[in-house]
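A.B. asks: Pasting the sequence and the predicted coordinates here, then a few questions.
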Amino acid sequence: MPEETPGQRLRLAFEMYEFGVRMQRMRIRREHADATEAEIEEAVHDWLLSRPGAPLGDAVGQPSSRFA
């Protein structure tokens, strides 16, 4: 089996990210069945900004200033 190209790996990473967001959206919808679409989207947005690691780029350790 040929090794994946960097572009293919990046595409897979984006697909995994989108899958995770869809799963979180479904969880929120299930837990808050009476919520409106706007409320669900706001909850997803809040989750994206507050989940562990989010403020520092989702990595353990010291934040890098490499691209700052």
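C.D. replies: Everything's here; your move.
A.B. asks: name the helices or strands packed onto the lowest-mean-pLDDT helix or strand in the chain?
C.D. replies: Sorted by mean pLDDT, DSSP states H and E, the helices and strands of the chain end with helix 37-50, the least confident at a mean of 91. Other helices and strands packing on helix 37-50, by 3 or more Cβ pairs under 8 Å, 6 or more residues apart in numbering; DSSP states H and E, are helix 6-31. For glycine as for every other residue, the C-beta is placed from the backbone atoms N, C-alpha and C.
A.B. asks: for the helix it packs on, which positions count as buried?
C.D. replies: Along helix 6-31, the positions that meet the burial threshold by neighbour count (16 or more other Cβ atoms under 10 Å) are 24-25, 28.
A.B. asks: That helix - contacts with which helices or strands?
C.D. replies: Helices and strands in packing contact with helix 6-31 are listed as helix 37-50; criterion 3+ Cβ pairs under 8 Å, 6+ apart.
A.B. asks: what about A33, distance to E41?
C.D. replies: Here A33 is placed at a distance of 16 Å from E41 (Cβ to Cβ, to the nearest Å).
A.B. asks: between these two, which one's more packed in?
C.D. replies: E41 (13 against 6; other Cβ atoms under 10 Å).
A.B. asks: CA atoms only: put stretch 28-40 into PDB for me.
C.D. replies: Taking only C-alpha atoms (Å, rounded to 0.1, in the frame of the first residue of the first chain), the coordinates of stretch 28-40 have been written out as PDB:
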ATOM      1  CA  ILE A  28     -25.800  18.500  22.300                       C
ATOM      2  CA  ARG A  29     -28.900  18.000  20.300                       C
ATOM      3  CA  ARG A  30     -29.600  14.700  22.100                       C
ATOM      4  CA  GLU A  31     -29.000  16.200  25.500                       C
ATOM      5  CA  HIS A  32     -31.100  19.400  24.700                       C
ATOM      6  CA  ALA A  33     -33.900  18.100  22.500                       C
ATOM      7  CA  ASP A  34     -35.900  21.300  22.900                       C
ATOM      8  CA  ALA A  35     -33.000  23.600  21.800                       C
ATOM      9  CA  THR A  36     -33.200  25.600  18.700                       C
ATOM     10  CA  GLU A  37     -30.700  25.300  15.900                       C
ATOM     11  CA  ALA A  38     -29.200  28.600  16.900                       C
ATOM     12  CA  GLU A  39     -28.800  27.400  20.500                       C
ATOM     13  CA  ILE A  40     -27.200  24.200  19.300                       C
END
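A.B. asks: Fine by me, we can end here.
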